[in-house]
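Participant: Following is a predicted model, sequence given first.
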Amino acid sequence: MQCKIKIWHFKAIEVKLPSLTHKIMSEDIQVLSEDRLYCIRHSASHVLAQAVLDMFPEAKLAIGPPVDNGFYYDFELPRALVPEDLPILEKKMKQIAKQRQKFVQSNKTIDEALAFFKAIDQPYKVELIEGLKEKGETEVGFYENVIPQNQKVAFVDLCKGPHTDHTGDIGEFKLAKIAGAYWRGDENNIMLQRIYGYCFETKAELDAYVKQLEEAKKRDHRKLGKELELFTFDEEVGAGLPLWLPKGSIIVEELESLAKRVESKYGYQRVRSPHIAKEELYIRSGHLPYYKDSMYPPMEMDNERYYLKAMNCPHHHKIFGATPKSYRDLPVRYAEYGHCYRYEDSGSLFGLMRVRSLCMNDAHIYCSEEQFESEFSKVIEMYLFYFELFGIDKYQLRLSKHSKEGLGKKYIDNEPLWIKTEDQIRQVLLKLKVPFVEVEDEAAFYGPKFDVQIWSVIGREFTLATNQLDFGVPERFNLTYIDAGGNEKTPLCIHRAPLSTHERMIGFLLEHYAGAFPVWLSPVQVKLVPVSTVFNEYAIELQQALLKAGIRVELDDSTESLGKKIRNAETAKTPIMLVLGEQEVANKEVTVRRYGQREQTTVSFEDFMASIKEESVVKV
RNA sequence: GCCGCCGUAGCUCAGUCGAUAGAGCGCACCCAUGGUAAGGGUGAGGUCAUGGGUUUGAUUCCCAUCGGUGGCUCCA
């Protein structure tokens, strides 16, 4: 796949783009070819290949590019690799490094190159060269590793470089993991074995990176979700079907309440729709032919086939069509936290980030072409409001476009309309001076998207929120409005989900906040910690007052020591602890201790009540 | 879905080269009433994921299924 990426910059923002750099490095090599890290990582991957050939002389080599944290190389091997193989290979790599083999570049004609790799029986290299030949190349680059002591060639690879001077200069590396990967990324092809390595210029950088990975694992949403008792999965319920525990449900409902207030302010109307619909609906919408495999199989009843809904759009379209519309009604904005079910591949399920039942912050905006820019801008404004509220700063905004090859297959076959609508979105983004990247072949089948890409702490990329322009489906539903001249017109539809799904949003926020939610989102906002049980009576009095004010408060009336109670509240990441002892009872005070802070303040309960009321509400 | 790996108490994990299992935390009870990140004691908890197979005997070995997981593919 050719990956063309154009980056628009208006201001410097710090974005973490592991998979983007991955794409740039592996598929558009020139971009970073001058980079020193690129050279050492790429050279390290050659050294890995040499080590693997030493261990398995019959190994077939595929490709081995650098990536954002190191490198990988794909092989076809006579047996499955096991983790114990990695230290052995690492040792061999270090020996090769010690020899300081020269990287010697040369060019060969295509036919020479083909003959060479056929002779040493490397079919993947042969296939790559044949591909280059078809593209019209006449020469290809080779890199030989030459042992200086005896001038022997230890390893040869098809490669356009560049490399470091010798194998001693490949930085500090550590083989990280073994994985399966399809040849050329195509699931119809054979599965190869991929070895990933981390690689950095210095030992300190490598160690820091490995340490950072370990730290990241501590804030993995799957781990925190269990520790904080937010959600769970159960084998008898099914894979990818999360159960929200009481504390997680509070977060769900707080988010939902926020969304309802924000959407109300922006003029959305709330609608509600069933979880299932007849097959006809999805044939009409066009989803079924594209997504049948990832929908739960149909339920057959009374000669009808019903599907669990995988998206809310068709239901909303039907709601729009239920009453006649005039241009005076537009824009119409329907919002619903809609439950959807998608039969995602078992192998792609991942905690809360990739699930089979999800509840989406969905809305559909039906508007005229003239209203598009203003409506789209308002949606982006809403996104930016949310990002600021949550303090989300590591994300990438992406204009997801169609691909020419996909027209008529993955995408509605109307190229002029694609180009036009993609430009409409581009113009809005440029006007708002929002930095974004453009990526081909990432659109929805019915129109281009504006996506918010984020990365989980362990580095997987997800679309957090999405905003789509649909130029195809309203027509299929015969959705119309009467314009000022009395003519029937088809509205445009904007699909948008700034708060993602509850599942993915909370998964993301858990990692973002490392489990320490702000007061307004926290399942338990205040923990009452009496110094000893003799002060429980005062604590109960405060608890009643706080509950009455709508504050989520818990009292630790256990007989544990004070130190233990503090520790328990801290490990539960409760944002506010109120320590209550003799002094507090006497003066009707509370000693406020905030999560992660040792210093505390003693204030009157009255003052505390006023401030917690303020803090527990988000202004929209 | 594909290539690997994993599944022992509520949680985190040890262990059994084949003779039905342990620790810490948590939980219950008792003692201690303690001013800022684990006070002390006692006790209850397990068909060793599920179903087959091999074996005198399986939690342990083999196969399948379910679930998790590292990647790949996919992601409306």
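Facilitator: Yep, it's here. For clarity, every value in this text was computed on a predicted model and none was experimentally measured.

Participant: Show me what secondary structure element comes after the strand or helix carrying residue A:366.
Facilitator: If you go by DSSP states H and E, residue A:366 is part of strand A:357-367. Sequence order places helix A:372-390 as the next helix or strand after strand A:357-367, per DSSP H and E.

Participant: Also compute the angle for the helix or strand following that next one relative to helix A:372-390, please.
Facilitator: Once helix A:372-390 ends, the next helix or strand along the chain (criterion: DSSP H and E) is strand A:396-400. On the basis of axes from the mean of the first three to the mean of the last three CA atoms, to 10 degrees, strand A:396-400 is oriented at 150 degrees to helix A:372-390.

Participant: Do strand A:396-400 and RNA strand B come into contact?
Facilitator: No. No part of strand A:396-400 sits near RNA strand B under the criterion CB under 7 Å from any atom of the strand; the closest distance found is 8.1 Å. For the C-beta atoms, the positions are set from N, CA and C on the backbone; glycine is no exception.

Participant: ok, residues contacting that strand?
Facilitator: A:15, A:17, A:20, A:422, A:425-426, A:429, A:434-439, A:442-444, A:448-454 (CB atoms under 8 Å, 6 or more residues apart in numbering).

Participant: Tell me which of those residues fall in helices.
Facilitator: With helices taken from DSSP state H, the overlap with those comprises A:20, A:422, A:425, A:426, A:429.

Participant: of those, closest to RNA strand B?
Facilitator: Nearest to RNA strand B among the ones in helices among the contacts of strand A:396-400, counting by CB to the nearest atom of the strand, is residue A:20 at 12.6 Å.

Participant: phi, psi of whatever residue of the stretch 1-150 of chain A ends up closest to RNA strand B?
Facilitator: At 4.3 Å from RNA strand B, residue A:80 is the closest residue in the stretch 1-150 of chain A, using CB to the nearest atom of the strand. With angles defined as degrees, to the nearest 10, residue A:80 sits at phi -70, psi 140.

Participant: Show me chain A divided up by domain.
Facilitator: A:33-216, A:222-272+A:309-512, A:526-615 (automatic domain parsing).

Participant: Export those as CSV, with columns for distance to residue A:303, mean pLDDT and mean neighbour count.
Facilitator: What follows is these, written out as CSV (distance: least, CB to CB, whole Å; pLDDT from 0 to 100; neighbours: other CB atoms under 10 Å):
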stretch, distance to residue A:303, mean pLDDT, mean neighbour count
domain A:33-216, 36, 92, 17
domain A:222-272+A:309-512, 20, 94, 18
domain A:526-615, 50, 96, 16
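
Participant: wait, what's in contact with the nearest residue to residue A:281 once chain neighbours are set aside?
Facilitator: Take residue A:281 and drop its neighbours on the chain: the residue closest to it by CB to CB, 6 or more residues apart in numbering is residue A:314, 4.9 Å away. Residues in contact with residue A:314, defined by CB under 8 Å, 6+ apart, are A:277, A:281, A:282, A:284, A:285, A:287, A:473, A:477.

Participant: ok so residue A:193 is a helix residue?
Facilitator: No. Read with DSSP: H, G, I helix; E, B strand; the rest coil, residue A:193 is strand and lies in no helix.

Participant: If it is in a bridge, with which residues?
Facilitator: residue A:75, residue A:180 (DSSP bridges).

Participant: Assign the spatially most central residue of chain A to one of the three secondary structure states.
Facilitator: Ranked by distance to the mean C-alpha position of chain A (CA atoms, centre = their mean), the top residue is residue A:462 at 1.7 Å. Under the three-state scheme (three-state DSSP), residue A:462 adopts strand.

Participant: Is it in contact with residue A:451, as I believe?
Facilitator: No. Using CB atoms under 8 Å, residue A:462 is not in contact with residue A:451, being 9.8 Å away.

Participant: Name the residues of the stretch 151-300 of chain A found near RNA strand B, please.
Facilitator: Counting by CB under 7 Å from any atom of the strand, the stretch 151-300 of chain A sits next to RNA strand B at A:177-182, A:185-187, A:191, A:193-194, A:222, A:226-227, A:233, A:235, A:238-240, A:287, A:290-291, A:294-295.

Participant: State the distance from the closest residue to residue A:261 other than its chain neighbours to RNA strand B.
Facilitator: Nearest residue to residue A:261 in three dimensions, chain neighbours excluded: residue A:620, at 4.8 Å (CB to CB, 6+ apart). As defined by CB to the nearest atom of the strand, to the nearest Å, residue A:620 lies at a distance of 26 Å from RNA strand B.

Participant: now swap in residue A:494 and tell me
Facilitator: 12 Å.

Participant: How much space separates residue A:484 from residue A:326?
Facilitator: 9 Å (CB to CB, to the nearest Å).

Participant: cool, and residue A:126?
Facilitator: For residue A:126 relative to residue A:326 (CB to CB), the value is 66 Å.

Participant: residue of the stretch 201-350 of chain A with the smallest distance to RNA strand B?
Facilitator: For the stretch 201-350 of chain A, CB to the nearest atom of the strand, closest residue to RNA strand B: residue A:347, 2.2 Å.
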